[in-house]
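Visitor: here is my input, please return the structure:
(2 chains)
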Amino acid sequence: MTTEAQPAADARLAHLRAAWIHGENLAALVLFSVLAIVPLLIGGYAIYILPQYMLLGVLAMSLAILWGYAGIVSFGQAAFFAIGAYSIGLVMKYATLPINPAYAGILVGTAGATVAALIIGYFLFSAGVRSTYFVVATLALSIIVEQTVKSFSNITGGWNGLYVDRMTLTLGSLFELSLFDDVPMYYVILIVVVIVYFFTAAIMRSPFGRIVIGVRENEGRMLALGFDVPAYKTLVFGLSGLLAGLAGSFYATHANFAHPSNAGVLFSTQVVIWVAIGGRRSLLGAFAGAILVASLSNYLSSIKAIQNYWPLFQGLIFIAAIILFREGLAGLIDSLLRKLRHGRTAQN
Amino acid sequence: METLVSVATDTVLITLVLALAAFGLAIIYGLIGVINMGHGAMLTLGAYFTWWLTRHGVPFAPSVLLSAAAVGAVGLGFEHLIIRYFYNRPFDTLLLTWAFFLVATEVIKITFGTDFRNVARPIEGAIDLGIYRIPAYKTLVGALSILLILGTAFVFYKTRLGIKIRAMVQNREVAGLLGLNVSLMYKLIFSFGSFVAGLAGGLIAPMYSVDPYMGNTFLVRSFFVVIVGGIGQLLAGTLFGSFTIGGLETVLALFSDQVIAQIAVFFIAVVVLRFRPQGVFTGR
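Guide: Modelled structure (predicted):
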């Protein structure tokens, strides 16, 4: 009896998961559509700041694939973000290139962050460094990058940060569009974010993503099944570095600067908070969590009466997220939808 | 000769100050396995309490002791309310103690403000060695650091409480079955670790300017002290780890600037963590 019921239950579970993933993609499409319409309805500051929040959302996704999928927490995501930001800044400032310097900067920033993550990941994971030590090592990484950009001030501008120009979109000599205005920049970043989101979602849904989840669930068993666990951890950390570096490059050219605090420990842990609140197991949850918390932070910081209390409140929400709702907002919404669905089938 | 003496004394003093700063972390991590990411915030709290008390006319020594007791009480409350439910989930304790850092830092900012504060040195001047002068207060802190470590060693190896703790570290289940109140011991150790962190914060306060994030640099260095020294190697390990981290920093700072020395030390510590995750001297 149980032997027959088991596959059926598995199939049902798989179906539910598939439905949720489908639902998540659908929800993502809705969210991106809303973001695409926003500039038509309103203007001004929101159109300036939203692309930055979307890029922070990508940074949050870079942690979600680590934390939610592989079960590894990094306190150093800001380091990769800063590598992306400073790379584009330095390339645009110093390099004379036959191609669009912004393209080269984004390429260098993304590749640099990816390679850095792969090297660090390989270095630590191949020795089986425990996940708690990994946190300490990534925390140190954040400090190292922050101190480095601070101390080489003649190149990086030190504490003042590095000025970064807005990029210009070109297509050989056929086409040229300055992104100095916020609306075209908004759409360029939205398109990049949409591509990155669905690309990452596809990878995490592929066999690679399944194996990474297997590592999270039972590392020993995956090892026994013949999977090269350190290699998978290294690869997923590399992908995480890629996302963070890419987000950092675009962020710098959008915000017109790269700053040491982009690499800092506080920024790194802010990413952890976004993901804990948004939902570590859901890419969309992490993405939306970052936008939501960043917008809320910005809004509440402008109100005198509560601006000092907001970070405290945020810390308390973080505690609640770890103790009470471990899957974050995405998990809450998911279970709510499931209850609704169950209620309906019960009525039938 | 002069440089040699100055480097040697600097190294010894930095080793002892770092050992003091890291000791609370080493106690909590080494004995009950909690990675206390709130350690830095506990140092900062100790420093702020000391600043506040001395400013209100309390002499320095009682201020530091009161501050340490207060931080110990905060640690006790935190353990009782939250941490004790998560001992079997080490990763969650890591995140929760980090949340403690976030909340404590914000409370500090709201209560004491974000400006840099200074605590006056209780003793001024320097001890003249003939060729080199050592700052008197730093020497005092170094001596207290040694006293603290020796005192803990005494409790650890010569008292009934020490036997209970060592039994618990060796085998928690059996110690519990033999009638040891394990959860009480955990509570005690967590509070004592917090107390030591608060004490260190208070003692360090006059040497640095006090700001809400002052504990952060010590947090990561303390971790490396514990990792290099070996987890659970409370006494010799803490001293050796501090000597490695502090000594390297002093020596490297001779050839480059302070910041680059610190970066290099962090780098070396990560390499140690990779190759000897159980500490440099401990066998696997």
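
Visitor: which strands and helices sit next to the helix or strand of chain B with the lowest mean pLDDT?
Guide: Least confident helix or strand, chain B: strand B:126-128 with a mean of 80, by mean pLDDT, DSSP states H and E. Here strand B:126-128 touches strand B:133-135, helix B:136-158, going by 3 or more C-beta pairs under 8 Å, 6 or more residues apart in numbering or on different chains; DSSP states H and E. Any C-beta I mention is one placed from the backbone N, CA and C, and that applies to glycine too.

Visitor: tell me how far the shortest one is from the chain's mean position?
Guide: Meaning strand B:133-135. Here strand B:133-135 shows a centroid-to-chain-centroid distance of 23 Å under the convention C-alpha atoms, centre = their mean, to the nearest Å.

Visitor: mind listing what that strand pairs with, with the direction of each?
Guide: Here strand B:133-135 has these sheet partners by DSSP bridges: strand B:126-128 (antiparallel).

Visitor: tell me, how many residues neighbour residue A:224?
Guide: Neighbour count for residue A:224, taken as other C-beta atoms under 10 Å in any protein chain shown: 9.

Visitor: what about it, distance to residue A:46?
Guide: 52 Å (C-beta to C-beta, to the nearest Å).

Visitor: burial of residue A:262, as a residue count?
Guide: When counting by other C-beta under 10 Å, one arrives at 26 neighbours for residue A:262.

Visitor: actually, residue A:172.
Guide: Neighbours of residue A:172 under the rule other C-beta under 10 Å: 8.

Visitor: report pLDDT for it.
Guide: pLDDT recorded at residue A:172 is 73.

Visitor: next, give phi and psi for it.
Guide: Phi and psi for residue A:172, reported as degrees, to the nearest 10, are phi 60, psi -130.

Visitor: for it, give its distance to chain B.
Guide: In this view, residue A:172 and chain B are 42 Å apart by C-beta to the nearest C-beta, to the nearest Å.

Visitor: who are the contact partners of that residue?
Guide: Residue A:172 makes no contacts at all, as judged by C-beta atoms under 8 Å, 6 or more residues apart in numbering or on different chains.

Visitor: so which residues make contact with the least confident helix or strand of chain B?
Guide: By C-beta under 8 Å, 6+ apart, the residues outside strand B:126-128 that reach it are B:133-136, B:139.

Visitor: which among those residues end up buried?
Guide: Those of the contacts of strand B:126-128 that meet the buried threshold are B:134-135, B:139, by 16 or more other C-beta atoms under 10 Å in any protein chain shown.

Visitor: re earlier: okay if I get the helices and strands packed on strand B:126-128 as CSV plus distance to residue A:293 and mean pLDDT?
Guide: Shown next, in CSV, are these (distance: least, C-beta to C-beta, whole Å; pLDDT from 0 to 100):
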stretch, distance to residue A:293, mean pLDDT
strand B:133-135, 45, 82
helix B:136-158, 41, 92
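
Visitor: redo those as CSV? Include distance to residue B:173.
Guide: Listed next are the helices and strands packed on strand B:126-128 as CSV, based on distance: least, C-beta to C-beta, whole Å:
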stretch, distance to residue B:173
strand B:133-135, 49
helix B:136-158, 21
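
Visitor: now name the helix or strand holding residue B:67.
Guide: Assigned by DSSP states H and E, residue B:67 belongs to helix B:60-81.

Visitor: name the element residue A:271 belongs to?
Guide: Using DSSP H and E, the element containing residue A:271 is helix A:265-278.

Visitor: please identify the buried residues of that helix?
Guide: Buried residues in helix A:265-278 (16+ other C-beta under 10 Å): A:265, A:267-278.

Visitor: count of neighbours near residue A:177?
Guide: With other C-beta under 10 Å as criterion, residue A:177 counts 14.

Visitor: hang on, I meant residue A:59
Guide: Residue A:59: 32 surrounding residues under other C-beta under 10 Å.

Visitor: need the contact list for it.
Guide: Residue A:59 makes contact with A:77, A:81, A:243-244, A:247-248, A:271, A:290, according to C-beta under 8 Å, 6+ apart.
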